[in-house]
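Engineer: Next one to model:
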Amino acid sequence: MGSCFLENNPLGEGCSQTLVKLTKDSKIISRVACVNLPSHMPAVWDISTTVREDRLAFLSALPGLSLIPAYEDLHQKREWGIFLDFLQTNKRVAISKSALYEVYILPSLEDSRIGLATVLYRGISSSMCPVVADSEHLSPPGSHAGEAAASFSNLTQDKIYPEPQCAEVNGDCSSDLAAMRSFQRNYVTAHPSYLKTLGQAHSSWIFGAIAELVDNARDAKATKLEIAINMVYSKMASKDIPMLSVIDDGYGMSHADILRMISFGHGQPETDDPNHIGRYGIGFKTGAMRLGKDALVLTQTTNTRSIAFLSQSLNEGKDNLEIPIVSYRRFGQNMEVDTKVQNEDAAKFYLKIIKKYSPFDKYLIGEKIGIFGANGTGTQIYIWNLDEWGPAYCLQWEAGIAGGSSFHQGGIFIRSRRIRSRPGQISCAVPLDYCLKSYLEVIFLDPRMKIYVQGALIKSRPLAKSLNKTIVENGTILEKPVQLTLGRSQLEWEQANCGIFLYWRGRLIEAYKRVGSMIHNGDCGRGIIGVIDVTKLMDVDNGHVWVHNNKQGFQDCEAYAVLEQWLGVKADEYLDKYVDKIQLRKGNAQHKPDHEWVQCDKCRKWRMLSTDFDSKTLPSQWFCYMKPFNGSCEVPEELVESGTITISTKRHGYDTKDPTESRNSFPEQLATKSEGINDNACESEEEDVRLPVKRWRCSRPRTCKKN
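Structural biologist: Predicted coordinates for the structure are as follows:
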């Protein structure tokens, strides 16, 4: 049980909201949010008995306050209805007892079908006080802000009147009561400096922070995401400052969702969605606080709108963390302050704070809300006081030219331009490490969402569909199936990169992971790329996952160790079988991907182009009915198939068909003679760039004579 410290009590200011679990016979009924609940009161109310209302005459003198349950599923809705019907039909009161308090739940005077009830409580040694419970605006199950839930199918009846009296004591009653009053439960408070600590989760790579916000948009089923950095005027700084914006058109968040988002972690979802990336409940906080000191969230559903302000500037010098939230609910055609979660004065007070500590005035807030449209949904995140790297910002950005060519499009970059620390990585030409556009091109295994950076549309690059000489390897690791796609990428070869891309739940976790002999020889396997989704392998049956909470790596575990070994074997087999006998030339059209693909701008499905079609002739916006597909969006996608290898000569010239062939001959020459392949390329042999012919191994040491 904890307190959100929000001004959301219709009774007035100074009231905090606490969440409680309501149970009967260890079964969940509903979750409730209680205002001004004493800190001594337990976080779980277990209904121990029910009595007739006329047996508790002293309740009639107390005012009743509403309780509204939060239905998580049809089962809880049914159980709550059974519970209220029982109380109303039999004119009974449900009672929950603890060491210091007694809680009474009465049915509403209105029809029980509307789900209302009244909650009262009293201390054992004090007069009874009212409490309101409103679980319509609760955090979902497992939230650290508190809980609430229950089951009353097996509700028992106890007609014995529980006489309210002082607990039995021996000797000096007053001393025992004093000891009871002095008992305090310990609850954690969040110091504002904790926000800076959260940001350190992405201290090694700032794009990991942006990825957290991209993940949230994908989980909200957004079809469009816009990321940009623009200059705005700040009253506090008295100058223009850069502000990062992340805007999506997803489902948006209700008041309950926004409370869950700003809470510091929450339990894993009860129903595991394999396409859902968020797991730990800290992504927004760690991402936003890594990017800047202050963040404003505007979010809208079909019937609600909320504004939340997570700020280090606001909380500087305070002992506890304050997070202003203003929520609205649709009434007719207008959005008005939701008085079920806060009063008008509280909303005005928090809006005043937001305007004081942010670049947002009422006009700018209105302008941003206008992005949603009349009935639109989505979430907008604005971050300013961006993180600095020395005298300049960590991020560097270019606005681009509107309507210009691809060479004039803007972008967002990491100022340092350094590659990430990876074993065996020797090339500095890794745009994914410092260019946001390159990272977002491959961040999703099956890209569907349109992503814009500085106004320019990112052309997604599904790696598994962009390789040459592709093979698909299926295997079993710890009794779980895995599938690896291996192939050669001309782009990565020209940049001297290679390695395996590991995805989890369709999201890139590790890139360019070198395995097998790639680790020992920096240039071995140049241009070889592998793609694998390890969701089934890294998800444990009990809900635990072997993924770091910053989603930039995997935990050291048995599954990961066996995976590394398996990947190394498969990569070496591919190198032995195909690589050293295939000749590469810079810009060689013969080594373009096995299949070229284009994505429909309407259905977001990928369509395979015919081998003789020039993809450069496609328009910037392409749809399924256009050439060369000439179909419709209802046609299913085609699957990636293995490429065909036509060269079968052994590596390095060994074991050739002609025993007179010299081992000193080039593998390309041997392949031509043994297979009858005549390469009439216009380029001279001096223009050929060959893959390395030497790869160190512990089990099979080899030596190559100089030519």
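Engineer: who's in contact with the lengthiest helix in the chain?
Structural biologist: Assignment by DSSP state H gives helix 558-577 as the longest helix of the chain. Helix 558-577 is contacted from outside by 471, 473, 475, 477-478, 480, 482, 484, 486, 500, 513, 515-519, 524-525, 528, 530, 532, 534, 537-538, 546, 554, 645, 651, 695, 697, using Cβ atoms under 8 Å, 6 or more residues apart in numbering. C-beta: built from backbone N, CA, C; applies to glycine.
Engineer: And the strand or helix carrying Ser438, what does it pack against?
Structural biologist: Assigned by DSSP states H and E, Ser438 belongs to helix 436-442. Applying 3 or more Cβ pairs under 8 Å, 6 or more residues apart in numbering; DSSP states H and E, we find helix 436-442 packed against helix 207-219, strand 409-414, strand 450-453.
Engineer: Redo those as TSV? Include distance to Asn375 and mean neighbour count.
Structural biologist: Listed next are the helices and strands packed on helix 436-442 as TSV, based on distance: least, Cβ to Cβ, whole Å; neighbours: other Cβ atoms under 10 Å:
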stretch	distance to Asn375	mean neighbour count
helix 207-219	19	23
strand 409-414	31	18
strand 450-453	21	20
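Engineer: Quick one, which of the ones you listed gets closest to Leu74.
Structural biologist: Leu74 lies closest, by Cβ to Cβ, to one member of these: helix 207-219, at 23.3 Å.
Engineer: by contact count, what packs against the closest one?
Structural biologist: Checked by 3+ Cβ pairs under 8 Å, 6+ apart, helix 207-219 has strand 224-234, strand 239-248, helix 283-291, strand 378-386, helix 436-442, strand 507-513 packed alongside it.
Engineer: still on that earlier bit, now tell me what touches the helix holding Ser438 from outside.
Structural biologist: Contacts of helix 436-442 (Cβ under 8 Å, 6+ apart): 207, 210-211, 214, 227, 411-413, 431-433, 451, 453, 456, 458-463, 501, 508, 511.
Engineer: circling back: ok, then the element right after the longest helix of the chain?
Structural biologist: strand 597-599.
Engineer: Walk me through which strands that next one pairs with, and which way each runs.
Structural biologist: Partners of strand 597-599 in the sheet, by DSSP bridges, are strand 606-608 (antiparallel).
Engineer: Show the average pLDDT along the partner strand.
Structural biologist: When pLDDT is averaged along strand 606-608, the result is 86.
Engineer: can you offset everything so residue one is 228?
Structural biologist: From this message on, residue numbering opens at 228, which makes the last subject strand 833-835.
Engineer: Buried ones in stretch 448-463, by neighbour count?
Structural biologist: Buried residues in stretch 448-463, counted by 16 or more other Cβ atoms under 10 Å: 449, 452-456.
Engineer: quick one: low-confidence parts of the stretch 428-577 of the chain?
Structural biologist: For the stretch 428-577 of the chain, the stretches with pLDDT under 70 are 492-501, 506-508.
Engineer: Turn the buried residues of stretch 448-463 into TSV, including distance to Ala786.
Structural biologist: Below are the buried residues of stretch 448-463 laid out as TSV (distance: Cβ to Cβ, whole Å):
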residue	distance to Ala786
Ala449	31
Leu452	32
Glu453	37
Ile454	33
Ala455	39
Ile456	39
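Engineer: Return the member of those nearest to Arg532.
Structural biologist: Using Cβ to Cβ, these come closest to Arg532 at Ala449, 17.1 Å.
Engineer: In contact with the closest one, which residues?
Structural biologist: 475-477, 605, 676.
Engineer: Of the residues you listed, which pair is most distant in space?
Structural biologist: Gly605 and Met676 (12.4 Å).
Engineer: Neighbour count: these two, which is higher?
Structural biologist: Ranked by neighbour count (other Cβ atoms under 10 Å), Gly605 and Met676 place Gly605 first, with 24 against 21.
Engineer: so what's that one up against?
Structural biologist: 447, 449, 474-477, 479, 526-527, 598-599.
Engineer: Contact partners for the nearest residue to it once chain neighbours are set aside?
Structural biologist: Leaving aside its chain neighbours, Gly605 sits nearest to Asp476 (4.4 Å; criterion: Cβ to Cβ, 6 or more residues apart in numbering). Going by Cβ under 8 Å, 6+ apart, Asp476 touches 449-451, 603-605.
Engineer: Which strand or helix spans Phe536?
Structural biologist: strand 531-538.
Engineer: what's the angle from that strand to strand 605-613?
Structural biologist: When axes from the mean of the first three to the mean of the last three Cα atoms, to 10 degrees is applied, the directions of strand 531-538 and strand 605-613 differ by 20 degrees.
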